[in-house]
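# Here is the input, now give the coordinates:
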Amino acid sequence: MAENVVPENDIPTTKAGKREWLGLAALVLPTLIISMDLVVLILATPALSADLQPSNTQLLWITDIYGFLIAGSLITMGTLGDRIGRRRLLLIGATAFGLASVLAAFAPTPELLIAARALLGIAGATLMPSTLALLRNLFTDPGQRTVAIGLWVTSFSVGVVIGPVVAGLLLQYFWWGSVFLLNLPVMVVLLIVGPLLLPEVRDPGAGRFDLLSAALSLVAVLAIVYGVKDVAAHGLTAAAAVAVVVGLVVGGFFVSRQRRLVHPLIDLRLFGNPAFSASVGVNILIGTVMAGIFFLIAQHLQLVIGLSPLEAGLWLLPQAVAIIAASMLSTALVRKIPARVIVGVGLAIAAAGLIVITQASSSLALLIVGTVVMGLGVAPASTLSVDLIIGAAPAERAGAASAISETAGELGNALGIALLGSVGVAVYRAAMDGAVPGSLPAADAAAAADSLAGAVTVAGTLPADVAGRLMAEATSAFASGLQLSAWVGAAVAIVSAVVVPVVLRRAR
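Take a look at the predicted model:
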């Protein structure tokens with residue numbers, strides 16, 4: 001049977017029906033799984049380490065390679081979908097994601113697990129922009145598209161929150177590889193219903209796919225993300241600085257090449273639209289604040305307040321509920337209130353939540369209230385910024401625009417962990433300077449002064465009274481770091497709440 005391909009420019013503006021909403025359900029599920037895969041491995045690390053016995057370097061790559069390759073491959077895959085067909089790329093990616101999940105679940109060595117996680121990252125990069133671009137084709141009515149994107153954004157945010165909960169339940173009864181097999185049923189369902197519910201759409205005038213541009217974008221994003229994450233882990237080192245500089249230089253070559261090509265990988269004219277540029281900026285900002293604060297809060301809940309990983313995940317569920325509610329509310333409000341106003345108010349509410357977090361210290365209740373308020377603000381800003389990106393781009397470039405949106409979020413995540421995480425680490429180390437008991441061996445003293453996790457490990461080997469004093473100093477230092485990081489995030493959100501609506505007001 002010949003493939004039924006709808007040319008991009010032939011898609012009429014009509015109201016979506018039952019088939020389109022069922023198609024949305026098919027697109028939301030893989031998005032949920034991809035975001036869960038970003039965090040589920042954290043809980044599985046102890047069991048995985050005991051079984052495979054990876055070195056510290058191997059363990060780092062097992063954890064990070066997935067996110068690195070998603071970030072680096074998004075631009076290439078989004079543009080490829082515009083050329084070969086978004087449904088086709090989605091189904092190819094779903095097959096690859098399922099096979100890589102099986103490989104990861106039963107990996108007998110650290111090297112094979114690293115390779116499987118790398119394949120998962122590349123496959124995940126085919127899924128994310130394809131799902132978002134297909135939403136543009138399923139929902140041509142602007143109001144319905146906003147609702148659909150709200151659900152899509154919510155599924156990604158909820159996946160990050162519920163990932164630790166689901167992983168904790170699986171690890172109670174099964175081996176570490178079970179967290180990967182969770183992907184299989186979703187990918188099988190997508191492969192069955194995708195051809196039935198999703199249209200095949202491509203840009204007939206996309207032109208030749210430029211392999212050199214794809215390579216340049218991959219190297220640029222990978223180098224920058226690796227550099228900023230290395231700063232978060234080890235501080236500003238020569239290796240991290242070189243990686244960022246290389247990424248920026250290669251990125252410059254990439255931009256220069258796009259300006260010369262007749263059919264570029266990314267149409268840089270998109271950034272001439274204030275709505276598009278400002279919304280990409282909001283995506284980076286939200287990723288920065290959310291990832292940086294979430295990185296610190298996850299540790300605070302477990303190491304300062306003393307919750308188990310599963311308990312910490314459960315206490316973050318109220319934020320997930322707030323995100324769902326606020327996303328859906330924003331899709332209704334935008335019919336009566338300009339999107340720029342809702343985005344600005346959302347960023348201001350997120351700033352208020354961050355200010356509440358600055359006052360939380362060791363109070364679990366105040367911390368959860370802060371995360372809920374932050375979620376209430378971030379959700380509408382995130383939903384409408386993605387909607388503005390997709391709506392501002394020409395229909396034939398929806399895949400590339402989706403990839404830019406997702407890449408911006410990934411860069412924001414890396415920057416958040418590097419920048420806000422580094423603020424927290426710097427405050428911790430400064431507070432612990434001279435606070436570590438002098439009776440400790442030099443190696444133990446250095447570990448305790450370096451990080452809260454190190455202090456917890458050292459305290460486990462000490463007499464109760466010495467351990468108590470060390471942990472009191474360490475938890476106080478870490479709480480101070482979280483406090484300052486939240487203040488920095490609040491300041492950025494407040495400035496953005498003022499600036500972004502002004503920029504968006506210029507956009508058509």
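
# Quickly find the element holding the residue nearest to residue 239 when sequence neighbours are not counted.
Computed as Cβ to Cβ, 6 or more residues apart in numbering, the closest residue to residue 239 that is not its neighbour in sequence is residue 230, at 6.4 Å. Bear in mind the C-beta positions are built from the backbone N, C-alpha and C, glycine included. Following DSSP states H and E, one finds residue 230 within helix 211-234.

# Tell me how far that helix lies from the chain's centre.
15 Å (Cα atoms, centre = their mean, to the nearest Å).

# what do you get for stretch 298-317?
Distance, centroid of stretch 298-317 to centroid of chain: 20 Å (Cα atoms, centre = their mean).

# From the rest of the structure, what touches it?
42-43, 161-165, 168-169, 297, 362, 364, 367-368, 371, 452-453, 456, 475, 478-479, 482 (Cβ atoms under 8 Å, 6 or more residues apart in numbering).

# Can you say which of those are buried?
Among the contacts of stretch 298-317, those scoring as buried are 43, 161-165, 168, 297, 367-368, 371, 452, 456, 475, 478-479, 482 (criterion: 16 or more other Cβ atoms under 10 Å).

# quick one, helices of the stretch 51-200 of the chain?
56-84, 86-105, 110-138, 142-173, 178-181, 183-197 (DSSP state H, counting those that start in this stretch).

# mind checking which of those is nearest residue 421?
Nearest of the helices of the stretch 51-200 of the chain to residue 421, taken as Cβ to Cβ: helix 56-84 at 13.8 Å.

# I'd assumed residue 477 was in contact with residue 427.
Yes: the criterion here is Cβ atoms under 8 Å, and residue 427 meets it with residue 477 at 7.0 Å.

# and for stretch 368-376, what are the contacting residues?
By Cβ under 8 Å, 6+ apart, stretch 368-376 touches 157, 290, 293, 297, 315-316, 318-320, 322-323, 325-326, 346, 349-350, 352-357, 359-360, 486.

# Produce a PyMOL select command limited to the buried residues of these.
To isolate the buried ones among these in PyMOL, judged by 16+ other Cβ under 10 Å, type:
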select buried, resi 157+290+293+297+315+316+319+320+322+323+326+346+349+350+352+353+354+355+356+357+360+486
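
# which ones among the contacts of stretch 368-376 are found in helices?
Here DSSP state H is the test, and those give 157, 290, 293, 297, 315, 318-320, 322-323, 325-326, 346, 349-350, 352-357, 486 as lying in helices.

# Could you spell out which stretches of this protein belong to which domain?
Segmentation of the chain into domains, based on automatic domain parsing, reads 16-206, 210-264, 272-508.

# Would you quantify the distance from residue 194 to residue 374?
To residue 374, residue 194 is 35 Å away according to Cβ to Cβ, to the nearest Å.

# Who has more neighbours out of these two?
Shown here are residue 194 and residue 374; by other Cβ atoms under 10 Å, residue 374 has more neighbours (31 against 20).

# for the helix or strand containing the more buried one, what is the average pLDDT?
Per DSSP H and E, residue 374 falls inside helix 364-392. Averaged across helix 364-392, pLDDT comes to 82.

# same deal with stretch 436-453?
76.

# Go through it and flag the buried ones.
Result for stretch 436-453 [16+ other Cβ under 10 Å]: buried residues 436, 437, 440, 444, 445, 447, 448, 449, 451, 452.

# Is it correct that the third one is in contact with residue 458?
So that's residue 440. Yes: taking contacts as Cβ under 8 Å, residue 440 lies within contact range of residue 458: 7.0 Å.

# what residues are shared contacts of those two?
448, 470.

# contacting residues for residue 480?
Residue 480 neighbours (Cβ under 8 Å, 6+ apart): 427, 428, 431.

# Kindly apply the preceding question to residue 148 instead.
16, 24, 135, 138, 139.

# Give me the buried entries from those residues.
16, 24, 135, 138, 139.

# mind checking the backbone torsions on the last one?
It stands for residue 139. Phi and psi for residue 139, reported as degrees, to the nearest 10, are phi -120, psi 90.

# re the thing from before, from the buried ones among the contacts of residue 148, pick the one nearest residue 214.
residue 135 (23.9 Å).

# mind exporting whatever helix or strand comes next after the helix holding residue 230 as PDB, just the C-alpha atoms?
Downstream of helix 211-234, the first helix or strand assigned by DSSP H and E is helix 238-260. What follows is helix 238-260, C-alpha atoms only, in PDB (Å, rounded to 0.1, in the frame of the first residue of the first chain):
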ATOM      1  CA  ALA A 238      40.900  23.400  32.500                       C
ATOM      2  CA  ALA A 239      39.100  20.400  30.900                       C
ATOM      3  CA  ALA A 240      35.700  22.000  31.500                       C
ATOM      4  CA  ALA A 241      36.800  25.400  30.200                       C
ATOM      5  CA  VAL A 242      38.300  23.800  27.100                       C
ATOM      6  CA  ALA A 243      35.100  21.800  26.400                       C
ATOM      7  CA  VAL A 244      32.900  24.900  26.700                       C
ATOM      8  CA  VAL A 245      35.300  27.000  24.400                       C
ATOM      9  CA  VAL A 246      35.400  24.200  21.900                       C
ATOM     10  CA  GLY A 247      31.600  24.000  21.900                       C
ATOM     11  CA  LEU A 248      31.200  27.700  21.400                       C
ATOM     12  CA  VAL A 249      33.800  27.800  18.500                       C
ATOM     13  CA  VAL A 250      32.200  24.800  16.800                       C
ATOM     14  CA  GLY A 251      28.800  26.400  17.400                       C
ATOM     15  CA  GLY A 252      30.100  29.500  15.700                       C
ATOM     16  CA  PHE A 253      31.100  27.400  12.600                       C
ATOM     17  CA  PHE A 254      27.600  25.800  12.700                       C
ATOM     18  CA  VAL A 255      25.800  29.200  12.700                       C
ATOM     19  CA  SER A 256      28.100  30.500   9.900                       C
ATOM     20  CA  ARG A 257      27.400  27.400   7.800                       C
ATOM     21  CA  GLN A 258      23.600  27.700   8.300                       C
ATOM     22  CA  ARG A 259      23.700  31.300   6.900                       C
ATOM     23  CA  ARG A 260      25.400  30.100   3.700                       C
END
